[in-house]
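Participant: got a predicted structure plus its sequence, pasted below:
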Amino acid sequence: MRSATPEWREEFKYWVDGDQARRIISAIKPFAAPDPHTDPSGEATYTVRSVYYDSPCFDFYHQKLDGLRFRKKLRVRSYGGSGLTPHLFLEIKHKRGRLVLKERAKLPSRLGLIALTTNAPSLLAGPDLPAGTIRVAGRFMWLTRQLALTPVILVAYDRTAYVDRSNADVRLTLDRKVRSLLRPAWEDLLDDADLQPCTNGHVILELKFSGRMPQWMRSLLREEGLMQRSISKYCMSLESWMAHLRAPSALPVSTAGD
């Protein structure tokens with residue numbers, strides 16, 4: 001059963017091709033089941049849409065490129081196809097070396113959009129929301145004010161997700177068709193129009209677990225000959241737009257050393 005308290009966990013990422021992705025899904029069936037939040041009659045696939053925040057100088061982007069051991073990112077996430085989904089998730093993702101901790105606030109979508117566009121966490125006090133949700137949402141909005149963060153890019157992709165049959169905190173995901181939109185408006189969160197692809201048919205494999213990697217994951221990596229990579233959908237998507245715009249003014253500017 002998934003813990004209600006956020007905890008640090010390992011997160012490993014790999015590049016795979018389409019044939020490898022199909023072999024992986026076939027190989028893990030004895031050990032992992034489709035994510036219970038997906039349609040059990042389908043392929044355990046759903047669409048993830050995230051709006052990433054950053055500072056005017058793109059500090060989060062440069063911290064990732066510089067390989068800082070301690071860093072964080074802020075994003076607003078929704079799950080599903082086009083159209084307003086029932087909920088938005090405000091996430092503060094902390095990184096400590098190989099370990100990841102995610103704080104998350106689940107909000108009704110319309111309420112969340114109003115609170116975000118006005119940066120008014122007080123709007124969340126009225127509804128019957130858990131104290132932990134209000135606390136994380138308040139911290140999210142406080143950080144956007146303190147660090148002058150604004151929405152930078154919308155990143156969407158199609159995720160196939162599986163969970164360990166004996167431990168729901170152990171997850172394997174395959175992310176396809178990563179696409180993005182620079183400087184999105186909030187209504188863009190709901191649409192696929194004008195999104196630019198950036199993975200060229202490749203698939204991102206992610207393994208997530210706490211403590212020791214399960215043996216079936218170790219066997220999978222060995223059989224496929226996979227090597228861990230540093231993959232950031234945020235950085236990758238932003239750099240794709242840099243190349244697309246081909247203008248010095250479009251590049252994130254670092255103030256390091258100023």
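Facilitator: Structure received.
Participant: so Lys64 sits against Phe58, correct?
Facilitator: No: using CB atoms under 8 Å as the test, Lys64 is too far from Phe58 to be in contact (9.9 Å). C-beta here means a position set from N, CA and C on the backbone, and glycine is covered the same way.
Participant: looks to me like Ser122 is in a helix.
Facilitator: Yes: Ser122 sits within a helix when classified using DSSP: H, G, I helix; E, B strand; the rest coil.
Participant: what's the burial count for it?
Facilitator: Residue neighbour count, defined by other CB atoms under 10 Å, stands at 11 for Ser122.
Participant: what's the answer for Ile153, then?
Facilitator: Ile153, neighbours per other CB under 10 Å, totals 23.
Participant: same check on Leu181?
Facilitator: Neighbour count for Leu181, taken as other CB under 10 Å: 22.
Participant: in the sheet, who's paired with it?
Facilitator: Counting by DSSP bridges, Leu181 forms beta bridges with Leu154.
Participant: and Tyr46, its phi and psi?
Facilitator: Backbone torsions of Tyr46, given as degrees, to the nearest 10, read phi -150, psi 170.
Participant: so who does it touch?
Facilitator: Tyr46 is in contact with 35, 37-38, 79-80, 158-159, 161, counting by CB atoms under 8 Å, 6 or more residues apart in numbering.
Participant: which residue ranges form the strands in the stretch 151-258 of the chain?
Facilitator: Along the stretch 151-258 of the chain, the segments classed as strands by DSSP state E, counting those that start in this stretch run 171-182, 196-197, 203-209.
Participant: I'd like these as JSON lines, with mean pLDDT and distance to Leu68 appended.
Facilitator: Converted to JSON lines, the strands of the stretch 151-258 of the chain look like this (pLDDT from 0 to 100; distance: least, CB to CB, whole Å):
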{"stretch": "strand 171-182", "mean pLDDT": "96", "distance to Leu68": "23"}
{"stretch": "strand 196-197", "mean pLDDT": "92", "distance to Leu68": "27"}
{"stretch": "strand 203-209", "mean pLDDT": "97", "distance to Leu68": "21"}
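Participant: and those: which comes nearest Leu111?
Facilitator: Smallest distance to Leu111 across these (CB to CB): 23.7 Å, for strand 171-182.
Participant: so that closest one versus strand 203-209, what angle?
Facilitator: Orientation check (axes from the mean of the first three to the mean of the last three CA atoms, to 10 degrees): strand 171-182 against strand 203-209 gives 130 degrees.
Participant: please tell me how far Thr38 sits from Asn167.
Facilitator: 18 Å (CB to CB, to the nearest Å).
Participant: next one: Arg135
Facilitator: Plainly put, Arg135 is 27 Å away from Asn167 if you go by CB to CB.
Participant: could you do Arg179 as well?
Facilitator: Distance from Arg179 to Asn167, by CB to CB: 32 Å.
Participant: neighbour-wise, which of those two wins?
Facilitator: Using other CB under 10 Å, the more surrounded residue of Arg179 and Asn167 is Arg179, with 19 against 15.
Participant: nearest residue to that one in space, please, no chain neighbours.
Facilitator: Excluding its sequence neighbours, the residue lying closest to Arg179 (CB to CB, 6 or more residues apart in numbering) is Leu195, at 3.9 Å.
Participant: that neighbour: neighbour count?
Facilitator: By the criterion of other CB under 10 Å, Leu195 has 20 neighbours.
Participant: quick one, what contacts it?
Facilitator: By CB under 8 Å, 6+ apart, the contact list for Leu195 reads 154, 156, 179-181.
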